[in-house]
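Undergrad: The sequence and its predicted three-dimensional model are supplied below.
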Amino acid sequence: MCTAVIDVGGDGVVRLLAIRDEDPARAWDPLGEWWPDQPGVRGVRDRRAGGAWLAADSARRTLAVALNRHDELPEDGPAPLSRGLLVLDAVAGRLSDTMRRMRGFNLLDIGPTGARVLSWDGRELRETVLGPGVHMVAHDDVDDPDTVRIARWLPEFAARRAAGEEWAQAWLAIVDESAALPPTDDRALVRDNRPWGVPTLSLLYCLAEIGPDTFDLRYAELPEPGAWPAPA
């Protein structure tokens, strides 16, 4: 139940805050170059499957991040492929029909021409092109008003950008404000999803700014699962 906030600017720059929710017992490697067959690609690697939750290629000016969503895959079908492979394919520009063999996802795909979200629920693959402005996506549709944390915080993220504040500092201040909620509250951005039947907690976040003349990607781990520090 990860969360991503995306600002598609009129200046051709896309800005991103992505918060990763995962089972703390599932090992990962921090932001780095982990894939010898894709030199220059940096990402957060899942050690079990070898793919990435988030990855970026500064030479291609691409970034992708996968968020899980509900699906309806047939129980008697083939074993699903890892969604982490989807992220690596996206930054390389080689997405294929194999994505239909994966569990449900929202794939945020950022490139030189803008940003889009590919959504797969086991039945239908849909594309949502992100127009100028601030958007949020989690485990359901883009800017979904029925996703409680989006309904609560999207207006806040959009207002801070409209006010012209420095985006990263302003957005982290919103996450800091949201941390006054218990992580089990469905409005929370830093989360403990176990009451919802999902064994995941917020573990880390990334900030990215990608444009014609900039490519900045930052990574930070939370002090403990489901806990938020004051923004630095």
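TA: Alright, I've got the coordinates.

Undergrad: rest of the way, CA atoms for contacts and neighbours
TA: Fine.

Undergrad: In PDB, could you pull the C-alpha coordinates for the longest strand seen in the chain?
TA: Selection of the longest strand in the chain by residue count, based on DSSP state E, yields strand 201-211. Once side chains and other backbone atoms are set aside, the C-alpha atoms of strand 201-211 remain, and they are given as PDB (Å, rounded to 0.1, in the frame of the first residue of the first chain):
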ATOM      1  CA  LEU A 201       4.700  -0.900   7.100                       C
ATOM      2  CA  SER A 202       6.300   2.200   5.700                       C
ATOM      3  CA  LEU A 203      10.100   1.700   5.500                       C
ATOM      4  CA  LEU A 204      11.700   4.300   3.300                       C
ATOM      5  CA  TYR A 205      11.000   7.200   0.900                       C
ATOM      6  CA  CYS A 206      12.500   8.700  -2.200                       C
ATOM      7  CA  LEU A 207      12.400  12.200  -3.600                       C
ATOM      8  CA  ALA A 208      13.100  12.800  -7.300                       C
ATOM      9  CA  GLU A 209      13.200  15.800  -9.700                       C
ATOM     10  CA  ILE A 210      13.500  15.000 -13.400                       C
ATOM     11  CA  GLY A 211      13.600  17.500 -16.200                       C
END
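
Undergrad: following it, which helix or strand comes up?
TA: Tracing the chain past strand 201-211, the next element assigned as helix or strand by DSSP states H and E is strand 214-221.

Undergrad: Give me the pLDDT for Leu172.
TA: Looking at Leu172, its pLDDT reads 95.

Undergrad: could you measure it against Arg69, distance?
TA: 24 Å (CA to CA, to the nearest Å).

Undergrad: One more: Trp153?
TA: When distance is defined by CA to CA, Trp153 is 20 Å away from Arg69.

Undergrad: Could I get the full set of strands for this structure?
TA: Assigned by DSSP E, the chain shows strands spanning 3-8, 14-22, 28-32, 41-46, 52-57, 62-68, 105-111, 114-120, 125-129, 133-137, 201-211, 214-221.

Undergrad: Partner strands of the fourth one, with direction?
TA: When you say that, I think you mean strand 41-46. Strands flanking strand 41-46 in the sheet, each with its direction: strand 28-32 (antiparallel), strand 52-57 (antiparallel) (DSSP bridges).

Undergrad: Buried deepest among the ones you listed, which one?
TA: strand 52-57 (a mean of 26; mean count of other CA atoms under 10 Å).

Undergrad: quick one: low-confidence ranges for the chain?
TA: In the prediction, the chain carries residues with pLDDT under 70 at positions 71-79, 230-232.

Undergrad: That's all I had, so thanks and see you.
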